[in-house]
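*Asks:* Following is a predicted model, sequence given first.
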Amino acid sequence: MYAIVDIAGQQFKVEKDNKIFVNRLKAEQGASLSFDKVLLIDEDGKVKIGSPYVEGASVKAKVLEHLKGDKVIVFKKIRRKGFDKKNGHRQYLTQILIEEIA
């Protein structure tokens, strides 16, 4: 059984006991969350597609930790002009554990 869920503006395919990284959520570590924006549910071959969301469906999750992602290097250069710029970025992430799909 799996579901496609809209979490913080992004869509994720989730299953029970999956750990996923999402953009930083405003929740304490160890807090339980419920996501109601379920776009699709597959129960053993039976697929329910929402328009836009599946009625009565929800996904329960628990916040495991808040962390920063890997560094992404942005390097810009214009050849033969002596111009180069290097910049780095680390995305703030939240790791959540999917507890239940209902």
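*Replies:* Looks like it arrived, so ask away.
*Asks:* Tell me what the residue nearest the centre of the chain is bridged to.
*Replies:* By CA atoms, centre = their mean, the chain has its centre lying nearest to V22, at 3.2 Å. The partner list for V22 in beta bridges (DSSP bridges) reads T94.
*Asks:* give the contact list for it.
*Replies:* Residues near V22 by CB atoms under 8 Å, 6 or more residues apart in numbering: I7, A8, Q10, F12, L93, T94, I96. C-beta coordinates here come from the backbone N, C-alpha and C atoms, glycine included.
*Asks:* Of these - the most surrounded one?
*Replies:* Counting by other CB atoms under 10 Å, I96 has the largest number of neighbours within those, with 26 neighbours.
*Asks:* Quick check: the gap between that one and K37.
*Replies:* 15 Å (CB to CB, to the nearest Å).
*Asks:* What of L25?
*Replies:* 14 Å.
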